[in-house]
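In: Sequence first, then the predicted structure:
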Amino acid sequence: MPIRLGNKADGDDFFDRVNERADLWRHLEGNHVVLSGPRRLGKTSLLQRLAEEAPGHGLVARLEDVGGLDTAAAFILRDYWRRNHAR
């Protein structure tokens, strides 16, 4: 299978990362996790897969791109604006 660069990987393009997902679920039980690394490592794809699995762990997940936001207040204001001015 050829490796596609440039898009989030899902379906057959997602390499399962079984051990990494299990480690993250173990750490997420009652904790926060920071997932950081250089571009193009698959962080977003991994988070997307975790969000899909969240209901099976009794959780609700929502992916948010916080690029360009530098404070919690900026995030809250953006979220409020989206919820109240969505078309």
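Out: Good, I have the coordinates. Numbers count the residues shown, from 1 in each chain.
In: Please work out which residues outside the longest helix along the chain touch it.
Out: Longest helix in the chain, counting residues (DSSP state H): helix 72-85. Identification of contacts with helix 72-85 by CB atoms under 8 Å, 6 or more residues apart in numbering yields Glu64, Val66, Leu69. Glycine gets a C-beta too; all of them are placed from N, C-alpha and C.
In: average model confidence for that helix?
Out: Averaged over helix 72-85, pLDDT sits at 90.
In: re the thing from before, scan the contacts of helix 72-85 and report the most crowded one.
Out: Leu69 (15 neighbours; other CB atoms under 10 Å).
In: list the contacts for that one?
Out: Contacts here follow CB under 8 Å, 6+ apart; on that basis Leu69 touches Phe75, Arg78.
In: what about the most centrally placed residue in the chain, distance to Ala61?
Out: Closest to where the C-alpha atoms of the chain average out (CA atoms, centre = their mean) is Leu47, at 3.0 Å. Remark: distance between Leu47 and Ala61 (CB to CB, to the nearest Å) = 8 Å.
In: On the three-state scheme, Gly30 is what?
Out: coil (DSSP: H, G, I helix; E, B strand; the rest coil).
In: Any regions of this structure where pLDDT drops low?
Out: Applying pLDDT under 70 to the chain flags residues 1-15, 87.
In: could you pull out the helices for it?
Out: 18-28, 43-53, 72-85.
In: what's the angle from the first one to helix 43-53?
Out: It refers to helix 18-28. The directions of helix 18-28 and helix 43-53 differ by 70 degrees, with axes from the mean of the first three to the mean of the last three CA atoms, to 10 degrees as the criterion.
In: same for helix 18-28, what does it pack against?
Out: Packing contacts for helix 18-28, counted by 3 or more CB pairs under 8 Å, 6 or more residues apart in numbering; DSSP states H and E, involve helix 43-53.
In: Disregarding flanking residues, what is the spatial nearest neighbour of Leu47?
Out: Nearest non-adjacent residue to Leu47, counting by CB to CB, 6 or more residues apart in numbering: Leu63, 6.0 Å away.
In: Return the distance of the one you found relative to Asp70.
Out: From Leu63 over to Asp70 (counting by CB to CB), the distance is 19 Å.
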